[in-house]
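>>> Output the structure for:
(2 chains)
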Amino acid sequence: MSERAPRSAEPLLLKALALAFTIFIIGYILVPILVTVVMSFNGAAMIRFPITAWSTRWYADFLGSPQWMDALKNSILIAFGTAAISTTAGVLCAWAFQRFHIPFRDGWYILIMMPLFMPGVVLGLGVAIAFGGISFGGYALYGSRELVMISHSLWAMPLVFMLMEATFKTLDYRVVEASHDLGGGPLRTFFEVVLPMVSTGIVSSLLFAFVISLNEFVMALFLTDRDTQTLPVLMWLSLRSAGTPRLAVASVILALTVFACLTIIMLWYVRQLRKVAR
Amino acid sequence: MTAAARSDDAAFAAQRAAQERRKALAPWLLMLPALIIVLLFFGLPTLYMVRMSFNLHFDQRLYVPGFTFEHYINLFSNPLFTGAILTTVKLALVASLATVAIGYCFALLVWLKPARWRLLFIGLALAPLLISEIAIIFGWWMFFPKNGLLSYALLSAGLIHDKVSLMYTEFAAFVGLVYVTLPYCFFILLSIFDGIDKRLLEASADLGAPPVRTFREVMLPLTWTGILVAFSQSFIWTMGTYATPSALGPDTLWTMGFLIQEQMLGKHNWPMASALAVVLVAGVAAVMILTRSMQSERNSFHV
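Just a heads-up that it's a prediction; the model follows:
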């Protein structure tokens, strides 16, 4: 009994430590987010605490500014392009890895995954110097949205590939064989049997790619010009000159775009679950 | 055997052969889009970048074709660049250690808490992942300065009497960097914890081990691989991240990533920027190989 007494103090200490850490981590993660949300409703022109006047004037300012709206449009277009490119390439490649014998399989695997471990600044630099002066029939590749889409795919595609490889492994291949036995060709089987079965994985891939592209700004900084610059790039350039509450609005709108996508995905999952239940 | 049957056989064989050929070709066709992206937009630029780092640079031109080691020599002798290399490694090391420590505690906490808290904490950890790095930078950018929230909060609480600014200090850069890398660390470590049987803790306690000893002799060995992976992941990430330290840190905090951008977009010195990038990638690769070898050593030791 006397031996147990000092030990009961330890869990209490641990509990206190755990509580302190919980408060710390919640505060740490939420601070920049809350600061941004609060500041976006600031009525003054300066970033200064305490906030004395509240208004939505910076939202109106953002929505009314062609420069910022164009940047948002560029961001969304590039994110859609990245999602389409990286999901198509990643899904097909993962299917090839799952269903076929590929010579030097590990080598290809490493090559496809490698860009994911490269710093964005290096990828951006490489693509910029390699494609800086190239144009197709008067259409300059450098500064175009397409080049940014492909560069963002260097990060997004390996992720899609990884995700889909894992998804394809869980597939029930008796269904695929059944489709073949019933006379379905490989193409038809892939599109009508396999793809619907992995639709959740594909939707997740699209989302990953979209979010990565929407938020990325180092590669975009190297590869865009005034007409194609994305919202994060414009934010970065404005931050260097002067910070106004407009930047907080831009942050909020960027985050809202991401959360809108997440909501769509959630609705999709719920619908899929209902379908299975039925 | 009739002639008709024989020609049927031949047709069948031809069909078979065509099918075989298609089957051999199919994986390459499927991999084609991915390979185009990786080879044309990653492999080729990387080779081009390596070649570029040996080009000459004079007359304010972007580059002049040639062959010189000048940029590499400059890189390892000019105090500007050696300082940047040192700063990058130091910052990455400190930030990664802190990230792993905080991420480890966070993951441990989520693992030990009842399941109903789990989703909430995972949502919390996801937040920095879903927010753009630029928005994170800007969030801290409003927190640290003289007129920022931190100064205001401390002042209102009566803890200080004058406004304070932590903006443009190494501490601010460090806080921002840890914030950006923390979620990666957390999820890597949580997945490791999830593979551990919680009853091990009870068993260790029942055998009379105090929590500290249980941690050191049970938890640490079991999660060692995860710690290594999380550390190398955040080290690689912080080495390459330049926006956060350059926006939140002091003007003298020059990391390699910052200098790459400076040389490329500001000074228009492509060979120097490329040489810096090559050294940065070499550093990243070295860290990856090192942790990989430490991992396998550890594994073979256990087996």
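
>>> Which secondary structure state does residue B:166 sit in?
coil (DSSP: H, G, I helix; E, B strand; the rest coil).

>>> now it: how far from chain A?
13 Å (Cβ to the nearest Cβ, to the nearest Å). For every residue, glycine as well, the C-beta is placed using N, CA and C.

>>> so that residue touches residue B:140, yeah?
No - between residue B:166 and residue B:140 there is no contact under Cβ atoms under 8 Å: 9.5 Å.

>>> Now the common contact residues for those two.
Common contacts of residue B:166 and residue B:140 (Cβ atoms under 8 Å, 6 or more residues apart in numbering or on different chains): residue B:172.

>>> who's more crowded, the two?
Shown here are residue B:166 and residue B:140; by other Cβ atoms under 10 Å in any protein chain shown, residue B:140 has more neighbours (25 against 18).

>>> Off-centre distance for the helix of greatest length in chain A?
Assignment by DSSP state H gives helix A:4-40 as the longest helix of chain A. For helix A:4-40, the separation from the chain centroid amounts to 29 Å (computed by Cα atoms, centre = their mean, to the nearest Å).

>>> Which neighbouring elements make contact with it?
helix A:245-277, helix B:79-112, helix B:115-130, helix B:133-143, helix B:170-194, helix B:211-214 (3 or more Cβ pairs under 8 Å, 6 or more residues apart in numbering or on different chains; DSSP states H and E).

>>> Mind doing that once more with 7 Å?
Judged by 3 or more Cβ pairs under 7 Å, 6 or more residues apart in numbering or on different chains; DSSP states H and E, helix A:4-40 is in contact with helix A:245-277, helix B:79-112, helix B:115-130, helix B:133-143.

>>> what angle separates it from helix B:115-130?
Orientation check (axes from the mean of the first three to the mean of the last three Cα atoms, to 10 degrees): helix A:4-40 against helix B:115-130 gives 40 degrees.

>>> so helix A:4-40 versus helix B:79-112, what angle?
120 degrees.

>>> Buried residues in helix A:4-40, which are they?
Buried residues in helix A:4-40, counted by 16 or more other Cβ atoms under 10 Å in any protein chain shown: A:18, A:22, A:25, A:28-29, A:31-33, A:35-36, A:38-40.

>>> now stretch A:97-116
By neighbour count on 16+ other Cβ under 10 Å, the buried set for stretch A:97-116 is A:97, A:98, A:99, A:100, A:102, A:108, A:109, A:111, A:112, A:114, A:115.

>>> Just to be sure, the first one is in a strand?
By that I understand residue A:97. No - read with three-state DSSP, residue A:97 is helix and lies in no strand.

>>> Which residue comes closest to the one residue in the stretch 151-300 of chain B that gets nearest to chain A once chain neighbours are left out?
Per Cβ to the nearest Cβ, residue B:240 is where the stretch 151-300 of chain B lies closest to chain A, at 2.4 Å. Leaving aside its sequence neighbours, residue B:240 sits nearest to residue A:119 (Cβ to Cβ, 6 or more residues apart in numbering or on different chains; 2.4 Å).

>>> quick one: contacts for the one you found?
B:239, B:240, B:257, B:280, B:284 (Cβ atoms under 7 Å, 6 or more residues apart in numbering or on different chains).

>>> picking that back up, which of the helices and strands packed on helix A:4-40 is buried the deepest?
Most buried of the helices and strands packed on helix A:4-40 by mean neighbour count (mean count of other Cβ atoms under 10 Å in any protein chain shown) is helix B:133-143; its value is a mean of 25.

>>> got the angle for that helix vs helix B:115-130?
100 degrees.

>>> And helix B:133-143, how far out from the chain middle?
Remark: helix B:133-143 is offset 19 Å from the chain centroid, using Cα atoms, centre = their mean.

>>> and that helix, average pLDDT?
Averaging pLDDT along helix B:133-143 gives 92.

>>> on that earlier part again, turn the buried residues of helix A:4-40 into JSON lines, including pLDDT.
Converted to JSON lines, these look like this (pLDDT from 0 to 100):
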{"residue": "A:18", "pLDDT": "89"}
{"residue": "A:22", "pLDDT": "93"}
{"residue": "A:25", "pLDDT": "94"}
{"residue": "A:28", "pLDDT": "95"}
{"residue": "A:29", "pLDDT": "95"}
{"residue": "A:31", "pLDDT": "93"}
{"residue": "A:32", "pLDDT": "93"}
{"residue": "A:33", "pLDDT": "94"}
{"residue": "A:35", "pLDDT": "92"}
{"residue": "A:36", "pLDDT": "92"}
{"residue": "A:38", "pLDDT": "91"}
{"residue": "A:39", "pLDDT": "91"}
{"residue": "A:40", "pLDDT": "91"}
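
>>> right, and the pair among those residues with maximum separation?
Taking Cβ to Cβ as the measure, these span a maximum distance of 33.8 Å, between A:18 and A:40.

>>> Going through the contacts of residue A:119, which ones are buried?
Neighbour-count burial (16+ other Cβ under 10 Å) is assigned, among those, to B:239, B:240, B:257, B:280, B:284.

>>> Sort out for me which of the residues you listed are in helices.
Those of the buried ones among the contacts of residue A:119 lying in helices (DSSP H): B:239, B:240, B:257, B:280, B:284.

>>> which ones are touching the residue nearest to the last one when sequence neighbours are not counted?
So the one you mean is residue B:284. In space, and not counting its chain neighbours, residue B:284 is closest to residue B:236: 5.1 Å by Cβ to Cβ, 6+ apart. Neighbouring residues of residue B:236 by Cβ under 7 Å, 6+ apart: A:117, B:284, B:287, B:288.

>>> Where helices are concerned, which of the residues you listed count?
B:284, B:287, B:288.

>>> The lengthiest helix in chain B and chain A, are they touching?
Identified as the longest helix of chain B according to DSSP H is helix B:3-38. Yes - if you take Cβ under 7 Å from any Cβ of the partner chain as the test, helix B:3-38 does meet chain A, through B:26, B:27, B:30, B:31, B:33, B:34, B:37, B:38.

>>> Show me what from the stretch 151-300 of chain B comes close to chain A.
Along the stretch 151-300 of chain B, the residues adjacent to chain A under the rule Cβ under 7 Å from any Cβ are B:152, B:210-211, B:236, B:239-240, B:242-243, B:247, B:257, B:260-261, B:264, B:270, B:273-274, B:277, B:280-281, B:284, B:288.

>>> Using neighbour counts, trim the residues you listed to the buried set.
In those, burial by neighbour count holds for B:152, B:211, B:236, B:239-240, B:242-243, B:247, B:257, B:260-261, B:264, B:270, B:273-274, B:277, B:280-281, B:284, counting by 16+ other Cβ under 10 Å.

>>> how near is residue B:88 to chain A?
Between residue B:88 and chain A the distance is 11 Å, computed by Cβ to the nearest Cβ.

>>> Report pLDDT for that residue.
The score at residue B:88 is 89. That number is its pLDDT.

>>> For residue A:160, give me its contacts.
Going by Cβ under 7 Å, 6+ apart, residue A:160 touches A:86, A:87, A:90, A:91, A:205, A:208, A:209.

>>> Out of those, which two sit at the greatest distance?
The distance between the two most remote of the contacts of residue A:160 (Cβ to Cβ) is 12.3 Å, for A:91 and A:208.

>>> Give me the nearest residue to residue B:43, chain neighbours excluded.
residue A:111 (7.4 Å).

>>> What is the burial count for residue 173?
Picking chain A for this. Taking other Cβ under 10 Å as the criterion, the count of residues near residue A:173 is 11.

>>> let's do chain B instead
So residue B:173, with other Cβ under 10 Å, has 22 neighbours.

>>> now the one 3 residues further on
Per other Cβ under 10 Å, the neighbour tally for residue B:176 reads 27.

>>> Was I right to think it contacts residue B:138?
No - assessed by Cβ atoms under 7 Å, residue B:176 is found out of contact with residue B:138, at 10.3 Å.

>>> Return the per-residue confidence for the residue of the stretch 51-200 of chain A found nearest chain B.
In the stretch 51-200 of chain A, the residue that lies nearest chain B is residue A:119 (2.4 Å; Cβ to the nearest Cβ). Here, the pLDDT recorded for residue A:119 equals 89.
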